[in-house]
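**Q** I'd like to go over a predicted model; first the sequence, then the structure.
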Amino acid sequence: MTALASGGVTGNLNLPKDLSLLNRRGYASTTRKGVPLVFRCKVDFYMHNEDGLGPSSAADTSAGSGLGSDLQAILKVDGCQSNWVMRNAAVKFHAARENMYKRLGMKKANRGAYAHEIRYNYDSNTDSWLVPIDGDGDAFTGGTWDVTKMVAESDEDIELKLVGSGLNEDSSVSADALQIGHSYLMSRRQVDADSNLSADDTPADRSILNEWLQGYDTPSSTLDAVTTRASDEQDNPPYELIAISDSGDINHDITEPVELGRAVAGFGNAYGSMVVDIPFGLANMRARVFDAADTALNPSGLVCVEVLDIFEMQG
């Protein structure tokens, strides 16, 4: 990654693809049962290029001013949420894909040698990916990375993504890329906004059982207050509900990316590091550089990702 302009440079990381390229074997975002894998990584962020030249040597000084002593560069890593919705969504979509092939009589022998798991997009159809570089700074050639496509009755080319707007499946079943968390929530019965609405009518103000439990001397006004408080308190789900009847409810909490981590490198220490857990092995990386004067300089930057562990998402 080079030319870290003040406006930022961004790219999508695909660890299963990169590991497959470098190790010459197939890696995936999920297990063969569809359970998402989380990639724990050490991410090093250098303000140097592949030849080891630092900020002062690598800077574009065409603006006529040097780098300020307050220069900072920030590498920010975003990814999808790691929760039960995304875990179940991945498992359900894996099962749906297998069922699609089963219903059509498609045997595994007729499928690609690496088609055991779903290959996801990060946030749109046909995402482009960052590519590892060798010691000379040249990109590896790699092979072909086909993203999974699903077939529906009205659409033969639906890809799956981890973040981004959902689809109003109440009125449409056609999409370039389907956000799996939102789609999963749309497929299941939702908790009512008031989860114990029927309790508003009960218990009775003069419940004999309550009087026996609380004593005959308890004033009815106290019973009324307790009943009201018990009915109204903590009966709303502490998360955003999907309004299936609202055709515009396609941007939802579950469709939003979350920040997985960030590393900061300054002129006094042109190196930053972080350990992040990346669900599905897919993430968006953005590097920015700035100083107090926001000078128009573009020092080089280099990102090194080391996979420390791979484990199943717990949800």
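**A** Structure received.

**Q** Any figure for the gap between Gln190 and Ala243?
**A** Per C-beta to C-beta, to the nearest Å, Gln190 is found 9 Å from Ala243. For glycine as for every other residue, the C-beta is placed from the backbone atoms N, C-alpha and C.

**Q** now do Ala96
**A** The value you get for Ala96 to Ala243, if C-beta to C-beta is used, is 24 Å.

**Q** try Val307
**A** Look at Val307 and Ala243: by C-beta to C-beta, they are 40 Å apart.

**Q** and Gly79, how many neighbours does it have?
**A** When neighbours are counted by other C-beta atoms under 10 Å, Gly79 registers 26.

**Q** Apologies, that question was intended for Lys108.
**A** Taking other C-beta under 10 Å as the neighbour definition, Lys108 ends up with a count of 11.

**Q** What helix or strand is Leu22 located in?
**A** Using DSSP states H and E, Leu22 maps to helix 15-23.

**Q** What of Asp309?
**A** Per DSSP H and E: strand 302-312 holds Asp309.

**Q** now swap in Gly137 and tell me
**A** Secondary structure from DSSP H and E places Gly137 outside every helix and strand.

**Q** What of Ala73?
**A** strand 72-79.

**Q** on that earlier part again, tell me the strands beside the next helix or strand after the helix holding Leu22, with direction?
**A** Moving toward the C-terminus from helix 15-23, the next helix or strand (DSSP H and E) is strand 37-46. In the sheet containing strand 37-46, its partner strands are strand 271-279 (antiparallel), strand 302-312 (antiparallel), by DSSP bridges.

**Q** what would those look like in CSV with mean pLDDT, distance to Ala113 and mean neighbour count?
**A** Converted to CSV, the strands paired with strand 37-46 look like this (pLDDT from 0 to 100; distance: least, C-beta to C-beta, whole Å; neighbours: other C-beta atoms under 10 Å):
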stretch, mean pLDDT, distance to Ala113, mean neighbour count
strand 271-279, 94, 26, 18
strand 302-312, 94, 21, 14
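
**Q** list the contacts for Gly143?
**A** By C-beta atoms under 8 Å, 6 or more residues apart in numbering, the contact set of Gly143 is Ser20, Leu21.

**Q** do you know how far it is from Ser128?
**A** 16 Å.

**Q** Could you tell me which ranges of the stretch 51-200 of the chain sit under the pLDDT cut-off?
**A** Low-confidence segments of the stretch 51-200 of the chain, defined by pLDDT under 70, are located at 52-69, 153-156, 171-174, 191-192, 196-200.

**Q** could you pull out the helices for this protein?
**A** Assigned by DSSP state H, the chain shows helices spanning 15-23, 55-58, 84-103, 180-186, 208-214, 220-232.

**Q** Count the neighbours of Arg40 for me.
**A** 14.

**Q** What's opposite it in the beta bridge?
**A** With DSSP bridges as the criterion, Arg40 is bridged to Asp277, Asp309.

**Q** is it true that it touches Val276?
**A** Yes. The pair formed by Arg40 and Val276 meets the contact definition of C-beta atoms under 8 Å, at 7.5 Å.

**Q** Setting aside sequence neighbours, what's the nearest residue to Arg87?
**A** Using C-beta to C-beta, 6 or more residues apart in numbering and skipping the chain neighbours, the partner closest in space to Arg87 is Gly315 (3.6 Å).
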